[in-house]
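Novice: this is a predicted model, with the sequence first.
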Amino acid sequence: MSLAEPDQISKTKTLYEVGAWEIFWRNFLAGASRTIGGLVIYLAVLYVLSNIFIAYVWPVIQPVFQQMGETTDLLKQLQGMPTVR
């Protein structure tokens, strides 16, 4: 766009000749499009990172969580045992 052309909403109207609702609607659509695009990108990145986590990180830390569960069960059993005084 050159400097000789005014800011135009369409080919027949300039920015200063349109109503407030048309400007609002166009800005609303632009904002909604940007938000939806951001959500799509966010979900794609989350999907990739979760697949990497499940494939590479979880097999390494799973034994630790399994051991913690077994230890917790053992402590629960020990709490139920009678004590000697």
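Specialist: Looks like it arrived, so ask away.
Novice: what about stretch 71-85, average pLDDT?
Specialist: For stretch 71-85, mean pLDDT rounds to 82.
Novice: give me the below-cutoff pLDDT ranges for the chain.
Specialist: Applying pLDDT under 70 to the chain picks out residues 1-10, 83-85.
Novice: make it 90
Specialist: Applying pLDDT under 90 to the chain picks out residues 1-20, 22-23, 73, 75-85.
Novice: so which strand or helix has the spatially most central residue of the chain?
Specialist: Nearest residue to the geometric centre of the chain (CA atoms, centre = their mean): Y42, 4.5 Å. Using DSSP states H and E, Y42 falls within helix 20-52.
Novice: likewise for V18?
Specialist: Applying DSSP H and E, one finds V18 in no helix or strand.
Novice: that one - how many residues pack around it?
Specialist: For V18, the tally of surrounding residues (other CB atoms under 10 Å) stands at 16. (Glycine included, C-beta is placed from N, CA and C.)
Novice: next: K13.
Specialist: Neighbour count of K13, defined by other CB under 10 Å: 13.
Novice: and it, how far from S33?
Specialist: As for K13, its distance to S33 is 22 Å (criterion: CB to CB, to the nearest Å).
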